[in-house]
Each structure stands twice: as C-alpha cells, then as structure tokens.
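**Q** model the following, please.
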Amino acid sequence: MKTKDLFLFKLFYVPALTVIFVFCLIGLIITFNVRVDSKNIQRTIGDFSTEQLFVHFLQAENQYFYQNPDNPLFTTANLSALAIQLATRIKPTDVRTYLGNELPGLKLYETEIAIAGEGTNLSNLPYESPPPTEVLLKERQVAEEKLSERQNSETDQKPVANPEHKTVFIYQSHSWESFLPLLKDANNSNEAISSDERVNVIGLGSRLAENLMKRGIGVIHDKTNMTQELHKKGWKSTRAYTVSGEIVEEAAAAKNANLDYFIDIHRDSARRHITTKTINGKNYARVYFVVGKEHENYLENLDVAKTFHQRLEAKYPGISRGVFLKSKSDGNGVYNQDVSNNAMLLEVGGVDNNLEELERTIDVFSDILADYYWEQNEAKEVNGDGE
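**A** Residues are numbered from 1 along each chain as shown. Take a look at the predicted model:
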C-alpha cells in the first residue's frame, strides 16, 4: 500500500470503522439486554495495576521515555479476556468462574487474590471454617514448659504507660484461635483451640498493644472471651462477627472516642510450610490481610491493606502472603471494616507456629503500623487537619 493510500486509510476509514463497530456493539448490548453491574466492573478493573495504567497513559503522550515496552499492558489477549469478564463475569484465567455454579460447595472458595504474596495461588487460599461451639468449650491443657522461659524473661519488665489519647482498637473475633506448639499433646489443626490468653490470639493482641504504647500510640485492647459470649447467647461460632461487631460499634460510639484504627487479629489454619518464612536466618510467622467487599467503602480498606503488605515486603521479603478479598459467599463479607477506612483483619501465622516466631512477626508489624500511623498524623498536622 502506497504512503498516500495508507495515510487516507488511517485518516478516514479507521475512524469510520471504529464508529460502525461501536454502534454495532451498542446494538448487540441493547438487543440481548446485557447488563454489566458496578461490582463486576470494579472486580475487572481491579485486575489492572494502577501504576501500569499510569505508565501506559504517559507512554501514549511521550513515547521518548517509554520506548518498546517488553510487557505491554493492553494486548489482544488481555483485551479480549477483559471483554469476556465484563460481559459474562467469567474470568478466563480462573477455573472457579467456569465451575462455580455447577459444583456444590465451590462457591465457598471464591476468595479473590488482590495481591499475591510469595507462593500464594488458588490452591492455598485462606478458608474460614470456625469449629462448633461444643468443640470450643473443650479446653486443652497448656504446654506450661514452653511458656515458663518466656515468662521468666519478662518478669523484670516495667509496665508500659498507655497514652491518654486512644486511637487504636485491637480485638479478636475468634479469640479461641491458638497454636499447637503451645498446647499439650495437640497435633491436629482442629485441636489448636484455647481460651487461655497466653496461648491464643489475645496474647498476640496484647503484645501488639504494648509495642504501640511504647511508640506513644494510645490503645484500647478488648480481651473478650468470644467462646463464653457465644455460649451465653446460645449462638454458633459462625456468629462471632456479630458479637465482635457489637463490641466494635460500642467502642467507636463511646464518648470522647478518637478511635481510627481497628485491628482484628486471627491465625490461619494452614500448616507450617505455608505459614512460616525464614529471613536472615530467623523464622517468622507469615501474615496476610482479609478485606470484606460487602460495604460501599471497601476499596479504601483495600488500599490500606495493600500499603501494609507492600511495606512489610519491602523490609521482610516473603513475610506477607498477600491481600485477599472476601464476599458473603465465602465469609462474613464486612468483618466490621465499615467502621473505619483504617479497619483491617490481620491473620498472623498458622496452627504450627511457635511463640517466638509469632512474637517476632508481631514486633515487625508493630513497627510498620507505628511508622505509618505517625506519617499519617504528621500529614494531618501539615494540612491543618490535626486535632
């Protein structure tokens, strides 16, 4: 094709063909009554990195700085996959979207991976399955010998002063979640249950609270025994978030309440090879974040969770398993995160992690959270938003 003909083709025919194509597409959508809801759009767009999109648009304006990209953002393959996902809710790269309506129970595993940490894939997604209340009421004996050495080393420590201005609320919706190495003669993952604060996630909350107070951050730590509360009400363990939701709402509505950060601490049921990471010769319990997407401001919670994941990974590569999105079909769906943009559900370690690994990770997270907290407060003061 001659240069002149090519120029005319690009100038007249390409725009005309584009307009015809758009009108045909609109006609098909109207004819077949295709509906694309906002949640499906958010889910689809969320697959793209905002940084990649920004670079793509910069490249369109100034190709001198972005010549010959090795991994273009928009290709024929991913554009067609995007169109299919928007129109049909089927994600070509996710087999669950093909079989979700056909296989009973598969809908329970619809957790979305917002950010995948090291080793995270569809085969090891977190799955929430609280044990029956009657199982929770069966107390296991604590491995006292594992705790004695740690307790002796902490007896000489002075109490930490809690600042008057309280801004962080720590709680544990599944307070019974414990760890096998801290329980006597416990080997099965279903046996990692205890109401003893020294060996369950309440103990992790206490350490987090203490670390934050040392950094000048006021904390309220709720230590409610959720097993007892559920038993009193005659409720199943699946209603734990209803109980913790009442606790969170009461705390947020209290007079002179300045709470902004709400942290729900859990532990995962996965085994050691998934929940442990060796960094610089030391073992750490791995963490991950769960974001409930069943409230209108969940994207803000998601941004905060992604920030914490990225900061953890920057200092301790591999310590975070990632950030996961959950709906009502595979979990609570809200997790009390509608109370604040800075509300988060943090899973620390798994059933096989020992106390040293868990505390080491809590200390790391405490530093990340404290740094982030003071950065945000300094920004408020600069902008004149500080109290």
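
**Q** list the contacts for H174?
**A** If you count contacts by Cβ atoms under 8 Å, 6 or more residues apart in numbering, H174 has them with P130, V201, M226, S237, A240, H266. Every C-beta, even on glycine, is put in place using the N, C-alpha and C of the backbone.

**Q** just the buried ones among these, please.
**A** With neighbours counted by 16 or more other Cβ atoms under 10 Å, those contain buried members at P130, V201, M226, S237, A240, H266.

**Q** is the last one bridged to anything, and to what?
**A** Under DSSP bridges, the beta-bridge partners of H266 are E347.

**Q** contact partners for it?
**A** Q172, S173, H174, E177, V201, L345, L346, E347, V348.

**Q** so which pair among those is furthest apart in space?
**A** Largest separation among the contacts of H266 by Cβ to Cβ: S173 and V348, giving 13.4 Å.

**Q** would you map out the domains in the chain?
**A** 14-93, 133-382 (automatic domain parsing).

**Q** and the residue nearest to E313 when sequence neighbours are not counted, bridged to which residues?
**A** Of all residues not flanking E313 in the chain, S320 sits nearest, at 5.5 Å (Cβ to Cβ, 6 or more residues apart in numbering). S320 has these beta-bridge partners by DSSP bridges: V287.

**Q** tell me which residues in stretch 248-257 are buried?
**A** V248, A251, A252.

**Q** and for stretch 358-370?
**A** Quick answer for stretch 358-370 (16+ other Cβ under 10 Å): L358, E359, R360, T361, I362, V364, F365, S366, D367, I368, L369, A370.

**Q** please enumerate the helices of the stretch 201-350 of the chain.
**A** Assignment of helices within the stretch 201-350 of the chain using DSSP state H, counting those that start in this stretch yields the ranges 201-214, 226-233, 240-253, 272-275, 298-315.

**Q** isn't G119 right next to I274, touching?
**A** Yes. With contact defined as Cβ atoms under 8 Å, G119 counts as touching I274 (7.1 Å).

**Q** tell me how far T238 lies from K138.
**A** T238 sits 18 Å away from K138, going by Cβ to Cβ, to the nearest Å.

**Q** give me the more crowded residue out of those two.
**A** Per other Cβ atoms under 10 Å, whichever of T238 and K138 has more neighbours is T238, with 14 against 9.

**Q** just curious, which of the buried ones among the contacts of H174 is nearest to E145?
**A** If you rank those by distance to E145 using Cβ to Cβ, V201 comes first, at 21.4 Å.

**Q** that older thread, from the domains of the chain, which stretch is densest packed?
**A** Mean neighbour count, computed with mean count of other Cβ atoms under 10 Å, is highest for domain 133-382 among those, reaching a mean of 18.

**Q** distance from that one to the middle of the chain?
**A** 12 Å (Cα atoms, centre = their mean, to the nearest Å).
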